[in-house]
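Participant: Model the structure of this input:
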Amino acid sequence: MDHHLIGQMDKMKRREFLKASGGIAALVLSGPRAFAISGDTTVPSASETERPYRYTLDLGFRAPRSGPVTTLKNGDLLWMTTGPEAPYLSPSMWRISRLAMRRSTDGGKSWGEANILQRGTDEYSVMSFGLVCLASGDVLHIFARSAGYDYETGSPARSLRELYFQHSSDNGRTFTEAKKLETGERYHGDVLSFEQLRDGRIVYPFCFLTNVRSQFAVSAMYSDDGGYTWKRSKSILRTGGGGFESGASEPTVVELRDGKLWMLIRSQTGFLWESFSTDRGETWQPAAETMLPSSNAPATLLKLRSGEIAVAWNDDVHANYARQSLVLGLTRDGKNFRGLREIDFTDFTDDPAASIPHTTYAFLTETKDGDIAVSYNKGNWSRHNKPTMAVASKEWLTAKDVTANLRDGRTGWHTIDPGPKLSAATERYILEDDRLWLEIEQHKRGKQTTGIVRNVPLVSDGEIRLTVKVPNGEAYLLFGNSLLSPRDEKEACLRIRFGADSKIHLATGKPERTQNNRRTTEYSYVSHIVGEETEYPRGFDVNEILEVVVRYTASKRTAQISVNGAAPVELKTADIIGITFVGLLVSDRGQLRFNSIRTILK
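Facilitator: Alright, predicted model coming up:
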């Protein structure tokens, strides 16, 4: 809000102003005049003004799929999509499936007309899996021809999806005839990336359907002649499980600084799995669980020119297909991470049992300017999915001092869509104490816990500072290592509760393996169930501005909590990668006002 509007409000009656302004239904003035928003008018940091640029490709098709993106030697970007609808829906639609390639000459801000690279037939549909500009300048494209999955038996003998490859030596203007990539398997899952090593070898990880309880397993192909001839790894990697889309699937590979290869694998245990190869992809160590929380969804790795590795995945675990948050981070060794900032997200539905829109399946490339371009899908696979491109700067991704306030309104917060169940929080903007606040409370007829959730840069060594007020307890500040639920105050890695008794209560979440199967697919994740509370040495007043500081050190598993400069109280947390989500929740007619969150990293 600018000073011109504030001046208008001083001169007009409140009702007249709200009518003239289009009905700002919940603007509240503290006292007879409006205050300047002195706490919210500071110039935002460069990291906040450089939020990822997003481009949505809306062709009017019902549900096209986004695909791989690569950067050419001349700096152009090539982007593959599959359309016009999800090609696996019906054999009668296979012949209309097509792989379209578009070109951008301005770093992903605009895209040219589509060049149709492959078309389906009555015998198969097509879907693009990989597109990489090799060190030679040639472009290698890998795609699938799919003749169907047998949902009745989940058997590879009755399912068929084969891999093909082709090359371009003129910056993607023309491609060679497609040749079959002989893996020895019948049905292959999606693959979102492949890697060319420093010595020129190409390693293509793949997953395939097995005869074991409809499980997938992972192996790899490799080529030493630019992707014209291929050999298969001796290893097969498994993660267990059972049912549709279970097991080890949709792997991604990158080369570490020491020459070791690092593979991340989709699984159904609430975490990504990993494997390593010390012989350039010919053999792989048995797969093991990582500390990266993930639903049953893939990750994507990309080695940058700096030597760092970008990784994108769905940091969201509460359900088998929880894909509401797509984060992007950096690592050098596959153990220590930074960033984990949200590229895009979707809100929660009013009905927890309903299908939730997704933002998922990321394909990565580094632009000529050093930004990271992320191609992904947003929407619903079979109804209205939109291929989307986000371009993020490394400065935004690696910022160490980030403030989220209300300068641009409630930007970047996961909410619950309003609906008949009245589960969404009622939100009001309040101008008070020279600051702009967002107040949340339950709907007047709502009974369940409700709130809003936001991603913050990964805090593995640093602090989170929140400015809040609690006009009425019960109110909660939740801190998690993955997307928090805006409905559940009992699950978080760390919780601060402002009670109806005007006392402040602290607690951490205790890890508990939770089963949450969907249809035939086995799925579990680690819940962090809030345990016994510790009372903070001081309470709070309903009119008091509370400056809450959470200092977190992941290596020591310690959180130090301080309110308004009082002596900190230290709590031990579970072993987690760090804190990267914050939730503001209320229950039992509580009210919570939010002004800002500042994340400061070491």
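
Participant: Pairing partners for the helix or strand where Arg341 lies, with directions?
Facilitator: Assigned by DSSP states H and E, Arg341 falls within strand 337-345. Here strand 337-345 has these sheet partners by DSSP bridges: strand 325-331 (antiparallel).

Participant: So for the residue nearest to the spatial centre of the chain, what's the pLDDT?
Facilitator: Nearest to the mean C-alpha position of the chain, counting by CA atoms, centre = their mean, stands Leu326 at 1.2 Å. Leu326 is assigned 98 on the pLDDT scale.

Participant: Let me see the contact set for it.
Facilitator: Neighbour list for Leu326: 312-314, 342-345, 359-360, 362, 374, 376 [criterion: CB atoms under 8 Å, 6 or more residues apart in numbering]. C-beta here means a position set from N, CA and C on the backbone, and glycine is covered the same way.

Participant: which of those lies closest to Leu78?
Facilitator: Leu78 has its nearest neighbour among those in Val374, at 14.7 Å by CB to CB.

Participant: The residue nearest to the centre of the chain pairs with what?
Facilitator: Going by DSSP bridges, Leu326 forms beta bridges with Asn314, Asp344.

Participant: how close does it sit to Phe165?
Facilitator: Distance, Leu326 to Phe165, by CB to CB, to the nearest Å: 28 Å.

Participant: How about Gly329?
Facilitator: Relative to Phe165, and taking CB to CB, Gly329 is found at 30 Å.

Participant: strands paired with the helix or strand just after the strand holding Arg341, and their directions?
Facilitator: Next helix or strand after strand 337-345 toward the C-terminus (DSSP H and E): strand 358-366. Strand pairing for strand 358-366, using DSSP bridges, gives strand 372-379 (antiparallel).

Participant: average pLDDT across the next helix or strand after the strand it pairs with?
Facilitator: Sequence-wise, the next helix or strand downstream of strand 372-379 (DSSP H and E) is strand 386-392. Average pLDDT, strand 386-392: 96.

Participant: and if you look at stretch 582-601?
Facilitator: On average, the pLDDT along stretch 582-601 is 98.

Participant: what distance separates that stretch from the middle of the whole chain?
Facilitator: Distance of stretch 582-601 from its chain centroid, counting by CA atoms, centre = their mean, to the nearest Å, is 21 Å.

Participant: same check, this time on stretch 544-556
Facilitator: Averaging C-alpha positions (CA atoms, centre = their mean) puts stretch 544-556 24 Å from its chain's average.

Participant: Wait, Val374 touches Ala312, no?
Facilitator: Yes. Counting by CB atoms under 8 Å, Val374 does reach Ala312; the two are 6.0 Å apart.

Participant: Check the contact lists of these two and give me the overlap.
Facilitator: Counting by CB under 8 Å, 6+ apart, the residues touching both Val374 and Ala312 are 326, 328, 343, 362, 364.

Participant: pLDDT score for Gly22?
Facilitator: Looking at Gly22, its pLDDT reads 28.

Participant: What are the boundaries of the strands in the stretch 101-250 of the chain?
Facilitator: Along the stretch 101-250 of the chain, counting by DSSP state E, counting those that start in this stretch, strands occupy 115-119, 125-133, 139-146, 161-168, 179-180, 195-196, 202-209, 215-223, 231-232, 246-247, 249-255.

Participant: Take these and lay them out in a markdown table including mean neighbour count.
Facilitator: Shown next, in a markdown table, are the strands of the stretch 101-250 of the chain (neighbours: other CB atoms under 10 Å):
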| stretch | mean neighbour count |
| --- | --- |
| strand 115-119 | 16 |
| strand 125-133 | 24 |
| strand 139-146 | 24 |
| strand 161-168 | 20 |
| strand 179-180 | 12 |
| strand 195-196 | 22 |
| strand 202-209 | 26 |
| strand 215-223 | 24 |
| strand 231-232 | 14 |
| strand 246-247 | 26 |
| strand 249-255 | 26 |
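
Participant: Turn those into JSON lines, including mean pLDDT.
Facilitator: Converted to JSON lines, those look like this (pLDDT from 0 to 100):
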{"stretch": "strand 115-119", "mean pLDDT": "97"}
{"stretch": "strand 125-133", "mean pLDDT": "97"}
{"stretch": "strand 139-146", "mean pLDDT": "98"}
{"stretch": "strand 161-168", "mean pLDDT": "98"}
{"stretch": "strand 179-180", "mean pLDDT": "98"}
{"stretch": "strand 195-196", "mean pLDDT": "97"}
{"stretch": "strand 202-209", "mean pLDDT": "98"}
{"stretch": "strand 215-223", "mean pLDDT": "98"}
{"stretch": "strand 231-232", "mean pLDDT": "98"}
{"stretch": "strand 246-247", "mean pLDDT": "96"}
{"stretch": "strand 249-255", "mean pLDDT": "98"}
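
Participant: Between these, which one is closest to Gly473.
Facilitator: It is, among the strands of the stretch 101-250 of the chain and with distance given as CB to CB, strand 246-247, at 43.5 Å.

Participant: Which residues does that closest one contact?
Facilitator: Residues from elsewhere that reach strand 246-247, judged by CB under 8 Å, 6+ apart: 210, 212-217, 238-241, 267-268, 521-522.

Participant: Could you single out the nearest of those residues to Leu78?
Facilitator: Phe216 (28.4 Å).

Participant: From Asp350, how far off is the closest one?
Facilitator: 34 Å.
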